[in-house]
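> curious how this folds, go ahead:
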Amino acid sequence: MVTRLLEDMREKRNAALLSVGSAAVLLGLKTFLTLRTGSLGVLSEALHSGLDLVAAVITYLSVRMADQPADENHPYGHGKFENFSAFVETGLLLVTALYIIYEAFARLFFRSVHIQPSLTAIVVLFVALLVDLTRARALGQAARKFQSEALEADALHFSTDVWSTLVVITGIALVWAGEAWNIPSLVYADALAALAVAGVVIWVGSQLGRRTLDALLDTAPVGLQRRIAQAVAQMDGILDTERVRVRRAGNRHFVDVTVSVPRSTNLEQVHALTDAIEARIGEIVPADVMVHVEPRAPEGEHLFEAIRALAQRKGLAIHDLTAQQQDGKLFVELHLEVDEQLSLGEAHRQATELEDGIRELRDARTEVNIHIEPLGRSIATSDSSAGELKQLSREVEEFLNLLPKGFDGLLNCHEVRVRQVEHRILVSCHCTMRSELPITQVHDVTAAIEDRVKERFPQIYRVTIHPEPAEERP
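Now for the predicted structure:
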């Protein structure tokens with residue numbers, strides 16, 4: 001990855017450096033022709049190429065600077081150097097165009113300049129045209145590949161050179177024809193050709209200037225915000241895309257997006273969701289993405305989800321949440337897990353706050369009954385002999401496998417483990433059931449089995465059953 005990045009940087013710099021060399025060659029050729037012919041069209045081209053050389057040097061320096069990584073003073077990187085250099089190049093283009101216009105009107109209305117057209121001038125201009133075509137194409141390919149605005153500005157410079165050189169060739173040819181065919185009015189073709197060059201430069205410069213100014217002012221690319229907002233809003237787990245902000249620095253985009261998610265979503269789910277959002281935006285535009293998540297109550301939120309979100313917001317763990325409606329009154333029951341080091345008074349305060357919050361969700365008359373139990377944190381060790389545990393395990397397993405006849409859907413029980421922890425006997429086992437049973441029925445069956453085991457073996461403190469479908473059993 002690093003090697004590829006270094007190769008890309010080297011290729012960008014080589015493209016910019018080649019542009020500097022080409023501009024220097026073109027400036028030399030057109031300066032020679034200006035002295036040889038006295039053509040304003042050629043002079044305008046020489047000035048254009050002179051500023052092209054300055055612009056090419058600026059492009060090369062800006063590309064080197066923009067490729068530097070982000071640092072403490074430039075946390076968003078140095079990409080704006082490319083935008084700024086492109087804006088400077090636009091200014092140079094417009095200055096060139098204004099001078100050409102001034103000189104053209106002077107020659108058209110106030111003074112005459114003798115032009116000496118020749119075949120040599122036209123041949124040299126065609127050579128310059130070939131250089132312009134080659135360099136504009138190479139720079140354009142590099143600009144698209146690396147999304148470089150500075151290289152694109154340089155490519156546009158040489159694209160305008162192509163058209164302006166064609167216009168100048170036409171102007172010189174017309175002046176030459178005027179001398180050969182004795183048509184005096186064709187002497188103005190050179191100045192008119194120069195005005196055409198100036199028009200091309202102004203048009204291209206204004207387009208480039210608008211885009212580079214947009215980048216410097218952090219104007220969002222047209223339609224990109226809407227595309228990102230729509231794509232993110234359609235993702236699973238997202239209620240809405242509340243805000244999208246996009247800025248560009250050089251060839252990099254920076255996207256800030258604020259989304260709303262159900263308030264019961266936990267932290268790990270939110271983290272996974274933000275990763276998915278970053279990946280989705282990356283499919284639309286390569287960007288540095290910052291996601292801000294807002295918890296919201298979804299429309300038509302179920303009461304249980306609202307209660308879980310309330311408990312989560314208070315940092316409380318709950319389970320076994322149930323509710324009953326009777327005589328127009330709502331009864332809510334749940335189990336609350338609290339730190340095992342808390343006193344009853346402190347634990348009751350947490351439960352009371354949760355009860356008050358639940359009543360605010362629906363109705364002040366809602367009755368809430370909360371069972372308080374310790375939140376397990378310590379890992380206990382067995383304190384009984386292995387022989388006693390194995391004997392009891394066999395007895396419990398034999399008893400369990402006599403039960404399937406009395407429970408619809410229960411097939412068998414296995415992997416029975418009995419251990420004594422802190423003077424309490426704990427039992428765990430796996431029970432195979434038909435896979436099509438609804439989970440509510442499975443819960444009722446396992447609860448009944450637990451009760452039967454404790455009735456048969458009063459010394460057992462707790463039974464934990466893991467239900468599994470028949471196809472999972474080898």
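> using the three-state scheme, assign residue 135.
helix (DSSP: H, G, I helix; E, B strand; the rest coil).
> quick check: it vs residue 28, distance?
Using Cβ to Cβ, to the nearest Å, residue 135 is found at 15 Å from residue 28. For the C-beta atoms, the positions are set from N, CA and C on the backbone; glycine is no exception.
> what's the answer for residue 223, then?
Counting by Cβ to Cβ - residue 223 and residue 28 are separated by 45 Å.
> between the two, which is the more surrounded one?
residue 28 (14 against 8; other Cβ atoms under 10 Å).
> and that one, what element?
helix 2-37 (DSSP states H and E).
> and that helix, what's its mean pLDDT?
Averaging pLDDT along helix 2-37 gives 64.
> next: stretch 306-325.
88.
> that stretch spans what distance, first to last residue?
Distance across stretch 306-325, first residue to last, is 17 Å (Cα to Cα, to the nearest Å).
> what residues sit buried inside that stretch?
306-312, 316, 318, 323 (16 or more other Cβ atoms under 10 Å).
> and of those, the nearest to residue 94?
Each of the buried residues of stretch 306-325 was checked against residue 94 using Cβ to Cβ; the closest is residue 309, at 59.4 Å.
> just checking, the closest one touches residue 297?
Yes: if you go by Cβ atoms under 8 Å, residue 309 and residue 297 touch, sitting 7.4 Å apart.
> now list whatever residues contact both of those two.
262-263 (Cβ atoms under 8 Å, 6 or more residues apart in numbering).
> in three-state terms, label residue 435 for me.
coil.
> and the closest residue to it other than its chain neighbours, how far is that from residue 438?
In space, and not counting its chain neighbours, residue 435 is closest to residue 469: 3.4 Å by Cβ to Cβ, 6 or more residues apart in numbering. Between residue 469 and residue 438 the distance is 12 Å, computed by Cβ to Cβ.
> of the two, who's got more company?
residue 469 (14 against 9).
> pretty sure the more buried one is touching residue 439, no?
No: the pair residue 469 / residue 439 is not scored as a contact, 11.2 Å apart, by Cβ under 8 Å.
> can you report how many residues lie near residue 420?
Around residue 420 there are 17 residues (other Cβ under 10 Å).
> the one 3 residues further on now?
Using other Cβ under 10 Å, residue 423 has 8 neighbouring residues.
> residue 207 now?
12.
> what do you get for residue 327?
5.
> ramachandran angles for it?
Main-chain torsions, residue 327, degrees, to the nearest 10: phi 50, psi 40.
> quick check: it vs residue 365, distance?
11 Å.
> for residue 336, same thing?
Counting by Cβ to Cβ, the gap from residue 336 to residue 365 is 21 Å.
> just residue 436 next, same as before
Distance from residue 436 to residue 365, by Cβ to Cβ: 40 Å.
> repeat that for residue 227.
Residue 227 is 49 Å from residue 365, by Cβ to Cβ.
> same question, residue 242
For residue 242, the distance to residue 365 - Cβ to Cβ - is 35 Å.
> do the same with residue 247
53 Å.
> next one: residue 321
19 Å.
> same check, this time on residue 393
50 Å.
> who has more neighbours, those two?
More neighbours surround residue 393 than the other of residue 393 and residue 365, with 17 against 9 (other Cβ under 10 Å).
> wait, that one sits on residue 417?
Yes: Residue 393 is within contact range of residue 417, at 6.5 Å (criterion: Cβ under 8 Å).
> now do the strands in the stretch 151-300 of the chain.
240-249, 252-262, 287-296 (DSSP state E, counting those that start in this stretch).
> output these in JSON lines; the columns should cover distance to residue 94 and mean neighbour count.
Converted to JSON lines, those look like this (distance: least, Cβ to Cβ, whole Å; neighbours: other Cβ atoms under 10 Å):
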{"stretch": "strand 240-249", "distance to residue 94": "23", "mean neighbour count": "18"}
{"stretch": "strand 252-262", "distance to residue 94": "28", "mean neighbour count": "19"}
{"stretch": "strand 287-296", "distance to residue 94": "32", "mean neighbour count": "16"}
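> and the chain, what are its domains?
Following automatic domain parsing, one finds the domains of the chain at 2-216, 224-296, 303-375, 386-472.
> quickly, which of those bottoms out on average pLDDT?
Among the domains of the chain, domain 2-216 scores lowest, with a mean of 66.
> may I have the beta-bridge partners of residue 413?
Assessed by DSSP bridges, residue 413 has beta-bridge partners residue 431.
> how many neighbours does it have?
23.
> do the same with residue 203
12.
> how much space separates it from residue 91?
15 Å.
> cool, residue 470 as well?
Taken as Cβ to Cβ, the span from residue 470 to residue 91 is 79 Å.
> hmm, back to that, columns distance to residue 389 on top of the strands of the stretch 151-300 of the chain, output as JSON lines?
Output for the strands of the stretch 151-300 of the chain, formatted as JSON lines (distance: least, Cβ to Cβ, whole Å):
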{"stretch": "strand 240-249", "distance to residue 389": "56"}
{"stretch": "strand 252-262", "distance to residue 389": "45"}
{"stretch": "strand 287-296", "distance to residue 389": "47"}
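> could you point out which of these sits nearest residue 369?
Of all these, strand 252-262 comes closest under Cβ to Cβ, at 26.3 Å.
> parallel or antiparallel, which strands does the closest one pair with?
Short version: by DSSP bridges, strand 252-262 pairs with strand 240-249 (antiparallel), strand 287-296 (parallel).
> would you map the helices across the stretch 151-300 of the chain?
189-216, 224-233, 267-284 (DSSP state H, counting those that start in this stretch).
> for the first one, packing partners?
It stands for helix 189-216. helix 40-66, helix 80-109, helix 149-181 (3 or more Cβ pairs under 8 Å, 6 or more residues apart in numbering; DSSP states H and E).
> can you rerun that using 10 Å?
Counting by 3 or more Cβ pairs under 10 Å, 6 or more residues apart in numbering; DSSP states H and E, the packing neighbours recorded for helix 189-216 are helix 40-66, helix 80-109, helix 149-181, strand 240-249.
> for the last one, same thing?
If contacts are counted by 3+ Cβ pairs under 10 Å, 6+ apart, helix 267-284 sits against helix 224-233, strand 240-249, strand 252-262, strand 287-296.
> angle of that helix against strand 252-262?
Interaxial angle of helix 267-284 relative to strand 252-262 (axes from the mean of the first three to the mean of the last three Cα atoms, to 10 degrees): 140 degrees.
> give me the angle between helix 267-284 and helix 224-233.
Using the same axes, to 10 degrees: helix 267-284 against helix 224-233 is 140 degrees.
> export helix 267-284 to CSV, keeping only CA atoms.
As requested, the backbone C-alpha atoms of helix 267-284 are provided in CSV (Å, rounded to 0.1, in the frame of the first residue of the first chain):
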residue,chain,number,x,y,z
LEU,A,267,-22.4,0.9,21.8
GLU,A,268,-21.0,-2.0,19.9
GLN,A,269,-23.9,-1.9,17.5
VAL,A,270,-23.3,1.8,17.0
HIS,A,271,-19.6,1.2,16.3
ALA,A,272,-20.4,-1.5,13.7
LEU,A,273,-23.0,0.8,12.1
THR,A,274,-20.5,3.7,11.8
ASP,A,275,-18.0,1.4,10.1
ALA,A,276,-20.7,0.4,7.7
ILE,A,277,-21.6,4.1,7.0
GLU,A,278,-18.0,4.9,6.3
ALA,A,279,-17.7,2.0,3.9
ARG,A,280,-20.9,3.0,2.1
ILE,A,281,-19.8,6.6,1.7
GLY,A,282,-16.5,5.4,0.4
GLU,A,283,-18.3,3.6,-2.4
ILE,A,284,-19.8,7.0,-3.5
